[in-house]
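*Asks:* quick check, what structure comes out for this input:
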Amino acid sequence: MDHLVSKLTYVHLALWIAVVVSESLGLSSVQPQNVDLYFPTPIAEGDDLTMNCRFKVDQNSSIYQVKWYKGNREIFRYTQKESPPKKSFPLSHVIVDEKQSDMNKLVLRKVPLALRGVISCEVSFEPSFQTIIKTSQLLVVSKPKTRPSLTVEFYPLNKPNSKTGVETVMVKKDDVLTANCTAGPSIPSPNITFFINGENYNSIKLGVLERKQEVTVDPVNKTEIRWASLRLQISYAHFVAHKIRVRCEATLFNLYNETSDQYEAERFRETVMLPSSYGGVYGKNGAGWSMGCGGGKSPVIFGRLVWSIAIVGAVQLVLLLTTLSNTTP
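*Replies:* Numbers count the residues shown, from 1 in each chain. You can find the predicted model right below:
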């Protein structure tokens, strides 16, 4: 028993000596003050990327090695005491620029879509060989190659002209506008915003009947196409300078922002035929009635009435002046 107690005493003494020595050398306090991993995200597929791993250590330690990982696959390492200190590891479509990379940064060229995911920076310190790992999520985006496409249709709520059966191509109050916008393919799908006369119509607005969006995914390359639809009942408030202008905009983070061609339609002015003797029409513009060009069979417009009145007045004036001149002594 005494023999066992003496052995335990020696062990405790040895441990105590080790603690004292480590504290005197500063080994027990070898802790990085901070390790920061940062890089721009999202990034567009095919762009270059610089990832930074910054760190500070206390005065009694130094950097032994820095490793970079994509998931659990090592991409690049920097070992300070080796020659050469840099070493990259093959990973599908990942191009490491060793010349520009160093202990604090990793430079990649033409980043592939496959690089998206967890990126890690592993820092080892000596003499303790303590290891600190920092991770962050990288998002790589595949942008659309084209602008969004827009189609616009108007459905007149009023019945077609009973005589001709032809609907006007102009836009009237209470017509229903249907705008369809398609953007993509991309990864992920872009956001779509509709604009009516320059005003964002993705929020609650006057006359909006329905909004719909759908995303379809290609089963092979996993690219996405977004389709969006807006149905709007037209009122006089939707016209600016007698026109309605429709466009859609597609955005993908801060990497893609494109606008479709703009669609324009003019307001149809309702007309009321005057008797044939007037040879013209009146047009209702929503704010009141105004004179306009005729649409009847007579080629003479309403201006003919004005000219007739002017001519009659002129003749009467001439006759009056003639009469006065004859009666003057």
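*Asks:* now do the SS call for the spatially most central residue of the chain.
*Replies:* Closest residue to the average C-alpha location of the chain: residue 251 at 1.6 Å, with Cα atoms, centre = their mean. Following DSSP: H, G, I helix; E, B strand; the rest coil, residue 251 is assigned to strand.
*Asks:* correct me, but it touches residue 188?
*Replies:* No. In this structure, residue 251 is not within contact of residue 188 by Cβ atoms under 8 Å, at 11.8 Å. Quick note: C-beta positions are derived from backbone N, CA and C, even for glycine.
*Asks:* give the contact list for residue 68.
*Replies:* Residues touching residue 68, when contacts are defined by Cβ atoms under 8 Å, 6 or more residues apart in numbering, comprise 51, 53, 74-77, 106, 119-122.
*Asks:* how about 6 Å then?
*Replies:* When contacts are counted by Cβ atoms under 6 Å, 6 or more residues apart in numbering, residue 68 is found next to 75-76, 106, 121.
*Asks:* kindly report the same for residue 267.
*Replies:* By Cβ under 6 Å, 6+ apart, the residues touching residue 267 are 171, 239, 242.
*Asks:* which positions in stretch 44-52 come out as buried?
*Replies:* 44-45, 49, 51 (16 or more other Cβ atoms under 10 Å).
*Asks:* please report how far residue 80 lies from residue 266.
*Replies:* As for residue 80, its distance to residue 266 is 73 Å (criterion: Cβ to Cβ, to the nearest Å).
*Asks:* where does the closest residue to residue 252 other than its chain neighbours land on pLDDT?
*Replies:* Nearest non-adjacent residue to residue 252, counting by Cβ to Cβ, 6 or more residues apart in numbering: residue 190, 4.3 Å away. The pLDDT attached to residue 190 in the predicted structure is 97.
*Asks:* residue 190 and residue 249 touch, don't they?
*Replies:* No. When contacts are counted by Cβ atoms under 6 Å, residue 190 is not listed as touching residue 249 (9.3 Å).
*Asks:* in contact with residue 41, which residues?
*Replies:* Shown in contact with residue 41 (Cβ under 6 Å, 6+ apart): 138-139.
*Asks:* wait, a strand at it?
*Replies:* No. Using three-state DSSP, the secondary structure at residue 41 is coil, not a strand.
*Asks:* over to it: give its phi and psi.
*Replies:* phi -150, psi 140 (degrees, to the nearest 10).
*Asks:* where does it land on pLDDT?
*Replies:* In this prediction, residue 41 carries a pLDDT score of 95.
*Asks:* relative to residue 185, how far out is the residue nearest to residue 258 when sequence neighbours are not counted?
*Replies:* In space, residue 258 comes closest to residue 147 once its chain neighbours are excluded; the distance is 4.4 Å by Cβ to Cβ, 6+ apart. If you measure residue 147 against residue 185 using Cβ to Cβ, the figure is 13 Å.
*Asks:* cool, and residue 97?
*Replies:* Applying Cβ to Cβ, one obtains 30 Å for the distance of residue 97 from residue 185.
*Asks:* kindly state the beta-bridge partners for residue 140.
*Replies:* residue 43 (DSSP bridges).
*Asks:* that one reaches residue 116, doesn't it?
*Replies:* Yes. The criterion here is Cβ under 6 Å, and residue 140 meets it with residue 116 at 4.0 Å.
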